[in-house]
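Visitor: No sequence on hand, only this structure:
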């Protein structure tokens, strides 16, 4: 018997609201959601949309896709059907990669805090764009944020501020944190088909690539890797091992194996993690992530445009 880390109640809530989010926002290429215990790496819930009915895995769940396939010439139907099956079976949280966008700023910011490059009070003046070599890179606020502290820059999700942090870190140090947070390797979750990342090595990080990676663009990771990195900030600085199997028990009730929930490594100090979570809590209260605030809970969050 497999004893799972999945909580059926949380799983059902995640599936319900993920589907509603896809419908409300007219999402064209599906969506994924992951809920993970930041201290153990246990997956509490994981869902993908569009997905399929596990009781009928060889049926196309999306009615519109099914009708499109049925309307094809007979010699094209089988191939289209197989491709549609493969697509609906994909677990987007681990099988697909994406640009994380500004949620990655929590990683760049943590590296900057850890290296002493910034403090929450460090100031920077955003004019709406910054030139890196021969390339102009815009802030999402084209008029600029003006002079702001790092704490305010995080809450404003200011691109030029994080370009500045990445530049001061330099390619080698930036990449060391990128690697330490787990973005150059599979998480090793006990599920099949974990995708390979696409990223620049330290040697390949020229100033423009370093600038764009500093605010989460121009490299591809899995959603699960981003969740795992965020968990390291939430739990005091430690990288955990994501998993869905808690233990395996034989027919006599003996525990055959138990998943190791010890930390892989420490990626930032507890002090840096505490500072970053305090900033992210402010962000989820008054900053760009305030729509994530839930009364009665301490919520930390970071927005991102993928």
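Guide: Sure, I can see it. Everything numeric here is computed off the predicted structure, so don't read it as measured data. Numbering: from 1, shown residues only.

Visitor: From residue 54, how far off is the residue nearest the centre of the chain?
Guide: Closest to where the C-alpha atoms of the chain average out (C-alpha atoms, centre = their mean) is residue 226, at 2.9 Å. According to C-beta to C-beta, to the nearest Å, residue 226 and residue 54 sit 26 Å apart. All C-beta atoms are positioned from the backbone trio N, CA, C, and that covers glycine.

Visitor: Likewise for residue 288?
Guide: 37 Å.

Visitor: same thing with residue 186?
Guide: The gap separating residue 186 from residue 54 is 24 Å, by C-beta to C-beta.

Visitor: related to what we said a few turns ago, looking at residue 288 and residue 54, which is more packed in?
Guide: residue 288 (19 against 6; other C-beta atoms under 10 Å).

Visitor: How about the contacts made by the more buried one?
Guide: Counting by C-beta atoms under 8 Å, 6 or more residues apart in numbering, residue 288 makes contact with 155-157, 302-303.

Visitor: who wins for most neighbours among those residues?
Guide: Top of the contacts of residue 288 by neighbour count (other C-beta under 10 Å): residue 302, with 28 neighbours.

Visitor: mind listing the helices for the stretch 1-150 of the chain?
Guide: 8-24, 63-70, 74-89, 92-95, 105-114, 150-156 (DSSP state H, counting those that start in this stretch).

Visitor: What of the stretch 201-306 of the chain?
Guide: Using DSSP H, counting those that start in this stretch, helices in the stretch 201-306 of the chain cover 207-214, 223-234, 270-286.

Visitor: can you list contacts of the second one?
Guide: This points to helix 223-234. 32, 34, 36, 38, 41, 92-94, 96, 98, 100, 103-104, 106-107, 110, 181-183, 187, 189, 194, 197, 238-240, 242, 267-268, 273, 276-277, 280, 300, 302.

Visitor: Report the buried members of those.
Guide: 32, 34, 36, 38, 41, 92-94, 96, 100, 103-104, 106-107, 110, 181-183, 187, 189, 194, 197, 238-240, 242, 267-268, 273, 276-277, 280, 300, 302 (16 or more other C-beta atoms under 10 Å).

Visitor: what stretches of the stretch 1-150 of the chain score poorly on pLDDT?
Guide: Per-residue confidence of the stretch 1-150 of the chain (counting by pLDDT under 70) places no residue in a weak region.

Visitor: Next, the contact list for residue 272, please.
Guide: 110, 113-114, 237.

Visitor: and of those residues, the nearest to residue 87?
Guide: residue 110 (35.4 Å; C-beta to C-beta).

Visitor: can I assume the closest one is in contact with residue 277?
Guide: No - between residue 110 and residue 277 there is no contact, the gap being 9.9 Å when judged by C-beta atoms under 8 Å.

Visitor: now the angle from the longest helix seen in the chain to helix 105-114?
Guide: Longest helix in the chain by number of residues (criterion: DSSP state H): helix 159-180. Angle between the axes of helix 159-180 and helix 105-114 is 80 degrees (criterion: axes from the mean of the first three to the mean of the last three C-alpha atoms, to 10 degrees).

Visitor: Mind listing what's buried along helix 159-180?
Guide: 159-167, 169, 171, 173-178, 180.

Visitor: Just send the helices of the stretch 1-150 of the chain back as CSV, with distance to residue 294 too.
Guide: Converted to CSV, those look like this (distance: least, C-beta to C-beta, whole Å):
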stretch, distance to residue 294
helix 8-24, 13
helix 63-70, 35
helix 74-89, 32
helix 92-95, 22
helix 105-114, 19
helix 150-156, 18
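
Visitor: do you know which of the ones you listed lies nearest residue 258?
Guide: The nearest among the helices of the stretch 1-150 of the chain, by C-beta to C-beta, is helix 8-24 at 21.0 Å.
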